[in-house]
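Engineer: the following comprises the amino acid sequence and a computationally predicted model.
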Amino acid sequence: MNAAVEFPMQREPFEQALRAKGALYHIHHPFHRAMYGGQCTPEQIRGWVANRYYYQVNIPRKDAAIMANCPDAAVRRQWLQRVLDHDGHDGDPGGIEAWLQLAEAVGLSREEVVDQRHVLPGVRFAVDAYYHFARRASWQEAACSSLTELFAPEIHQSRLDSWPEHYPWIDPAGYGYFRKRLSEARRDVAHGLTITLDHFTTAADQQRALEILQFKLDILWSMLDAMTMAYVHHTPPYHTVTDQAVWHRGLAS
Ligand SMILES: O=C(O)c1cc(C(=O)O)c2c(n1)C(=O)C(=O)c1cc(C(=O)O)[nH]c1-2
């Protein structure tokens, strides 16, 4: 009896298989489609910006966890740039600060964003799953999970192209974050892709890489599902019982 032998994909078809996952990117989520289609209310835009803040503040923590798991100094030196991009460094206030400027531009106060009062439990759990995966997984698997960034420049560009026209009430000074990420994401993805193509070489490894990328797509999609419940259907958690935002604001220190 012959056991089926699975051959690995060559480098190029494997990269194509990873890129094909873009068909499931959150750019296709109805919430995003409404956002760049100009159908979102100010409340919906504000809800998205306030919730996405939780992703923003956890990205550099996730990247620091990857560095902590990586014994290769050359990789760490390059990965460190991601932390600096978000946390800031000499002469660059960083992506978290740029996100807070976006928050102000859409009419939120810094305080209500930073204290995370608007962060929905579903968004928090999805982001936490990403952070915890990066802590537990090998650094190569965690690097692979960042590859949704393959598809991110297009989504940032779609906002730069559509928001000023559809949402003239947003102060254009807030768009710096999206502009900043165009080049940063392209650089990150070149590095993450090289690591992934080098590391996942057997057929089983390659299936695992595709599953990891699906996990990350699920995280991004689930965040928007939670926001849809709250801001489109007006059914946030506990809406059958109270109109107060009674959910917890995070137990992590
Ligand atoms: O606005 C977006 O839709 C979007 C998506 C993603 C992504 O695909 O994970 C990132 C970002 N933005 C982003 O700004 C960012 O800094 C970023 C870092 C990472 C990552 O996984 O390390 N993803 C993303």
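Structural biologist: Now that the structure is in, tell me what you want to look at.
Engineer: and the gap between the closest residue to His248 other than its chain neighbours and Val246?
Structural biologist: Leaving out its chain neighbours, the residue that sits closest to His248 by Cβ to Cβ, 6 or more residues apart in numbering is Pro121, at 7.1 Å. Bear in mind the C-beta positions are built from the backbone N, C-alpha and C, glycine included. Relative to Val246, Pro121 is positioned 10 Å away (Cβ to Cβ, to the nearest Å).
Engineer: give me the common contacts of those two.
Structural biologist: Shared contacts of Pro121 and Val246 (Cβ atoms under 8 Å, 6 or more residues apart in numbering): Pro237.
Engineer: okay, the two: which has more neighbours?
Structural biologist: Ranked by neighbour count (other Cβ atoms under 10 Å), Pro121 and Val246 place Pro121 first, with 15 against 10.
Engineer: pull the contacting residues for the residue nearest to His248.
Structural biologist: Taking Cβ under 8 Å, 6+ apart, we find Pro121 in contact with Ala226, Pro237, Trp247, His248.
Engineer: likewise for Ser109?
Structural biologist: Taking Cβ under 8 Å, 6+ apart as the criterion, Ser109 is in contact with Ala103.
Engineer: Val57 too?
Structural biologist: Shown in contact with Val57 (Cβ under 8 Å, 6+ apart): Ile96.
Engineer: could you verify that it is part of a strand?
Structural biologist: No - read with DSSP: H, G, I helix; E, B strand; the rest coil, Val57 is helix and lies in no strand.
Engineer: is stretch 39-50 positioned near the ligand?
Structural biologist: No - Stretch 39-50 lies apart from the ligand when judged by Cβ under 6 Å from any ligand atom; the minimum separation is 9.7 Å.
Engineer: of the contacts of Pro121, which is the most crowded?
Structural biologist: Most surrounded of the contacts of Pro121: other Cβ under 10 Å gives Ala226, at 21 neighbours.
Engineer: please identify the nearest residue in space to whatever residue of the stretch 1-150 of the chain ends up closest to the ligand, excluding sequence neighbours.
Structural biologist: Taking Cβ to the nearest ligand atom, the ligand has its nearest neighbour within the stretch 1-150 of the chain at Thr148, 3.3 Å off. Taking Cβ to Cβ, 6+ apart, and ignoring the residues beside it in sequence, Thr148 has Lys216 as its nearest neighbour in space, at 5.0 Å.
Engineer: give me every residue that touches that neighbour.
Structural biologist: Contact analysis of Lys216 by Cβ under 8 Å, 6+ apart lists Tyr130, Ser145, Ser146, Leu147, Thr148.
Engineer: which two of the residues you listed have the greatest separation?
Structural biologist: Farthest pair in those (Cβ to Cβ) is Tyr130 and Leu147. Separation: 12.6 Å.
Engineer: which parts of the stretch 101-250 of the chain sit against the ligand?
Structural biologist: Proximity of the stretch 101-250 of the chain to the ligand is confined to Ser146, Thr148, Glu149, Ala152, Ile155, Arg181, Leu220 under the rule Cβ under 6 Å from any ligand atom.
Engineer: contacts only, for the fifth one.
Structural biologist: What that stands for is Ile155. Tyr25, His26, Ile27, His32 are the contacts of Ile155 under Cβ under 8 Å, 6+ apart.
Engineer: ditto for the last one
Structural biologist: Leu220 makes contact with Tyr25, His26, His29, Ala126, Thr148, according to Cβ under 8 Å, 6+ apart.
Engineer: again, only using 7 Å
Structural biologist: If you count contacts by Cβ atoms under 7 Å, 6 or more residues apart in numbering, Leu220 has them with His26, Thr148.
Engineer: what about it, distance to Glu112?
Structural biologist: For Leu220 relative to Glu112 (Cβ to Cβ), the value is 23 Å.
Engineer: got it, and the first one?
Structural biologist: When distances are taken as Cβ to Cβ, Ser146 and Glu112 turn out to be 29 Å apart.
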